[in-house]
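In: Please work out how this folds:
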Amino acid sequence: MIRNVVFDMGQVLGCFDPPAIVAAFGLEGEDADRVRRAVFEGEEWQGLDLGIHTEDTMIEPVCRRLPPRLRESAAKVLLGWIQYFSPIPGMEPVTQALHESGYRLYLLSNISRNFRRHIGQYPALAHFDGCLLSGEERVVKPDPAIYRRFFERFDLRPEECFFIDDRPDNIAAGAAFGMRGFVYGGEIPPLLTALRDAGLAI
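Out: Next comes the predicted model:
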């Protein structure tokens, strides 16, 4: 029986859209592309998920790859991107309904450790029972170690969990522990069908 629903953050509860984030800081055209690539496509961004970097420590290596005129803008994007990591429309009613039906809710996400300070800006997370962030743990999905740590941290049985993530490899890694899951592709109705097919009352 499923007792717990586990959510990813990016592209499941929050919309991660680098071009839109960069545009929000007033950058356009080639300048926007250069800053986007430097910030979001460099090795430092992977280090953010792994807890090797924070947004602050990324500034110097990222800006080193950019011309002087773009460095201030890049620093602003790095320090403010999370403000534009907007909630996915329609997901808050899903988490609310699951909570009201008695399911425990958890977050398992590859994300900066600084995200914990911003959890309050996401209504969908209001009723969550626990959050495990890769940046705090220094290990990322789909590494089996982060799943093992997640189950141990919150004293959960994998077979009692249902996992929602946008990446098939992350779902497959959870399935290796016996956790069922669903690859979320941006549409709420298929998600609701998958939850009901797994026996959840929603």
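
In: what comes into contact with the helix or strand of the chain with the lowest mean pLDDT?
Out: Lowest by mean pLDDT, DSSP states H and E among the helices and strands of the chain is strand 86-87, with a mean of 92. With CB atoms under 8 Å, 6 or more residues apart in numbering as the test, strand 86-87 has contacts from Leu13, Gly14, Cys15, Gln121, Tyr122, Pro123, Ala124. C-beta coordinates here come from the backbone N, C-alpha and C atoms, glycine included.

In: Okay, strands next: where are they in the chain?
Out: 4-7, 14-15, 86-87, 104-109, 130-133, 161-165, 180-183 (DSSP state E).

In: Turn the ones you listed into TSV, columns for distance to Arg148.
Out: Putting these into TSV (distance: least, CB to CB, whole Å) gives the following:
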stretch	distance to Arg148
strand 4-7	14
strand 14-15	25
strand 86-87	29
strand 104-109	12
strand 130-133	11
strand 161-165	13
strand 180-183	16
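
In: With mean neighbour count added, can I get these in a markdown table?
Out: Formatted as a markdown table, the strands of the chain follow (neighbours: other CB atoms under 10 Å):
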| stretch | mean neighbour count |
| --- | --- |
| strand 4-7 | 24 |
| strand 14-15 | 20 |
| strand 86-87 | 14 |
| strand 104-109 | 23 |
| strand 130-133 | 19 |
| strand 161-165 | 25 |
| strand 180-183 | 19 |
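
In: Can you check which of those gets nearest to Arg116?
Out: strand 130-133 (6.3 Å; CB to CB).
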